[in-house]
Structures are given as structure tokens and as C-alpha cells.
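Undergrad: Generate a structure from the sequence data that follows.
(2 chains)
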Protein chains: 2
Amino acid sequence: MKDVGILVLGHGSSLPFNKELVESLAQMIGKNNSSGPVRTAYLNMNQPDIPAGLKSFQGTGVKKIVALPLFLAHGVHTRQDIPHELGVDPEKRRGVLNIWGDEVEVICAEPLGVDECIAALAIKRAEESLE
Amino acid sequence: MKDVGILVLGHGSSLPFNKELVESLAQMIGKNNSSGPVRTAYLNMNQPDIPAGLKSFQGTGVKKIVALPLFLAHGVHTRQDIPHELGVDPEKRRGVLNIWGDEVEVICAEPLGVDECIAALAIKRAEESLE
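TA: Got it, this is the predicted structure:
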């Protein structure tokens, strides 16, 4: 994925914790992945917003951007709001956009979803609360 | 944690996906953990709500319930809304409640938070979107 940008998307919050989490996970994604550039953007309340997040890849040479929602499950945000903010068809969840004078393919990834690692992490949080 | 109930908490959604995710993860938590009973509840839109979720442990004999929020990061929901719905002090994040005529200690666990497993899962979702 070296020629692919990853736009890590957070919900945004009036408190600092969502942005801190998104930035930390984006750093891990950038370090662990053989990807091209990694940027962050927020649906609500924090900056950059999603259009600004897309524009932040200008000059990187990417021809493709994966919008990667750090949401646990699909909902109105991932099905409607994020595709709308990206400017792609909510059914196809992808499209070719002219963002900074070049055509760029933008693809919405699925949310994190059900995985044993999340169940294991949740159990760890439950155990920690009893310490 | 055999004598401890786990109340797995979801955000809730007008679409079915959040509830499906919460129920699936609650099943995994129940299977993988040496815990006592596992129940689910939702902050918004889905049932059971949080007070009903607490009451659903009646008859199980638990003296302690961990409220386990399936949220990625702290925010207004985990800092204020969930403690309020549980009926515990939002600063202490725990309290002794009389739920069904018995005293039960209710403890709010931390949200999932930053972890390498979530970064790895996100990378997997990005890769899948390019297949």
C-alpha cells in the first residue's frame, strides 16, 4: 500500500480523549504498515474535518486514499455521514474525486467490527477495574 | 471474576449494527472469560437500557457488577452519561447500589483505549478495502 494514503477517521469529541486516541492509533498504523502517508480527520468537533483531511494529502503523490473509520460498528456515521463528507456515493462507498487538481480514488474501509482481539481487550479492562 | 457480573455497554443506534456488535462481543467475553453472568445494555436507542441492564442480574447472586463500555475512548458518554445512568458518582466511577433489594457494588471499567491490536485490526480493514 505504499502509493495509498490512509485517512484515519475519528468521531471527534468536545473532550480531548477521542482525538488523542485517533492520533495514537494513526501513529501505530503508520509505523506498522507498509503504507504511504497517514493522516487524520474528524467527523465532528475536532480539526481537521474530513474535506481538509483529504486535501492534506496534496503533494504526497498518492492516487488512492483509504478512509479508515475508527468506529466499532457501522451506523449512520459510517453509512451516511462519512461518505457524504468524503463526497463519495454512500452505496458504492468509493469514488474518483478531483481534490487538488488531480484525480484521486477515495475508498471507505469498513469499521473495526467484531474481533476476538476486541473481546480480549474488553476483558482486560474489566479485570483492571477490579484491581 | 466468577462472582462478578459484566454488563457490556453499547452506544446504541437506529441501525442494527451496533447492537449486533455488542451482542457478539458479549458472547465472546462470556466464553473467553472465567466470569460470572454477562449481560448487555445500551446508552441510547436500543433495549435494554442501562437501569434495566443492571436489574437483569437479579437472581444471579452477583454482589459486584462491572459496567464495561464498548467505546474506543473516553468522552461525554463514558465520563458523564454512563455513570449517571448507572447511578454512580462520575468522579469515583463506582458505588454501592440497592438494585433489587440487595446491595451490589457497581464499577465502571475504562473504555477500550489505545492498543496495538486495534491498530492491527484497522490496517486489516484498510487492506480489505483494496481487495
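
Undergrad: Could you tell me how far the nearest residue to A:Val88 once chain neighbours are set aside is located from B:Pro16?
TA: In this structure, A:Val88 finds its nearest non-sequential neighbour in A:Gly95, 3.7 Å apart by Cβ to Cβ, 6 or more residues apart in numbering or on different chains. The C-beta positions use only the backbone N, C-alpha and C, and glycine is treated the same way. Distance of A:Gly95 to B:Pro16, computed by Cβ to Cβ, to the nearest Å: 26 Å.

Undergrad: So between the two, which is more surrounded?
TA: Neighbour comparison, A:Gly95 and B:Pro16: the larger count goes to A:Gly95, with 15 against 12 (by other Cβ atoms under 10 Å in any protein chain shown).

Undergrad: which ones are touching the more buried one?
TA: Applying Cβ atoms under 8 Å, 6 or more residues apart in numbering or on different chains, one finds that A:Gly95 lies in contact with A:86-89, A:105-106.

Undergrad: closest to A:Lys2 among those?
TA: Lowest distance from A:Lys2 to the contacts of A:Gly95 (Cβ to Cβ) belongs to A:Glu105, with 15.3 Å.

Undergrad: In contact with A:Ala109, which residues?
TA: By Cβ under 8 Å, 6+ apart, the contact list for A:Ala109 reads A:66-69, B:125-126, B:128-129.

Undergrad: Of the residues you listed, keep whichever come out buried.
TA: By neighbour count, with 16 or more other Cβ atoms under 10 Å in any protein chain shown, the contacts of A:Ala109 hold A:66-69, B:125-126, B:129 as buried.

Undergrad: Filter these down to just the ones in helices.
TA: The members of the buried ones among the contacts of A:Ala109 that map onto helices under DSSP state H are B:125-126, B:129.

Undergrad: quick one on the thing from earlier: closest one of the contacts of A:Ala109 to A:Asn32?
TA: A:Asn32 has its nearest neighbour among the contacts of A:Ala109 in B:Ala126, at 11.2 Å by Cβ to Cβ.

Undergrad: That closest one against A:Leu7, yeah?
TA: No. B:Ala126 is beyond contact range of A:Leu7, at 9.9 Å (criterion: Cβ atoms under 8 Å).

Undergrad: So for the two, which residues contact both of them?
TA: Common contacts of B:Ala126 and A:Leu7 (Cβ under 8 Å, 6+ apart): A:66, A:68.

Undergrad: Which residues does the longest helix along chain A contact?
TA: Criterion DSSP H: the longest helix present in chain A is helix A:17-32. Contacts of helix A:17-32 with the rest of the structure, by Cβ under 8 Å, 6+ apart, involve A:6, A:8-13, A:35, A:38-40, A:42, A:46, A:68, A:70, B:72-75, B:113-114, B:116, B:118-120, B:122-123, B:126.

Undergrad: Among these, the buried ones, what's the ChimeraX command?
TA: In ChimeraX, a selection of the buried entries from those looks like this (16+ other Cβ under 10 Å):
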select /A:6,8,9,10,11,12,13,35,38,39,40,42,46,68,70 /B:72,73,74,75,113,114,118,119,122,123,126
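
Undergrad: So which of the contacts of helix A:17-32 are in helices?
TA: Judged by DSSP H, helices contain the following of the contacts of helix A:17-32: B:116, B:118-120, B:122-123, B:126.

Undergrad: Mind putting the residues you listed into a markdown table with distance to chain A and pLDDT?
TA: Listed next are the ones in helices among the contacts of helix A:17-32 as a markdown table, based on distance: Cβ to the nearest Cβ, whole Å; pLDDT from 0 to 100:
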| residue | distance to chain A | pLDDT |
| --- | --- | --- |
| B:Glu116 | 6 | 96 |
| B:Ile118 | 6 | 97 |
| B:Ala119 | 4 | 97 |
| B:Ala120 | 7 | 96 |
| B:Ala122 | 6 | 97 |
| B:Ile123 | 5 | 95 |
| B:Ala126 | 5 | 96 |
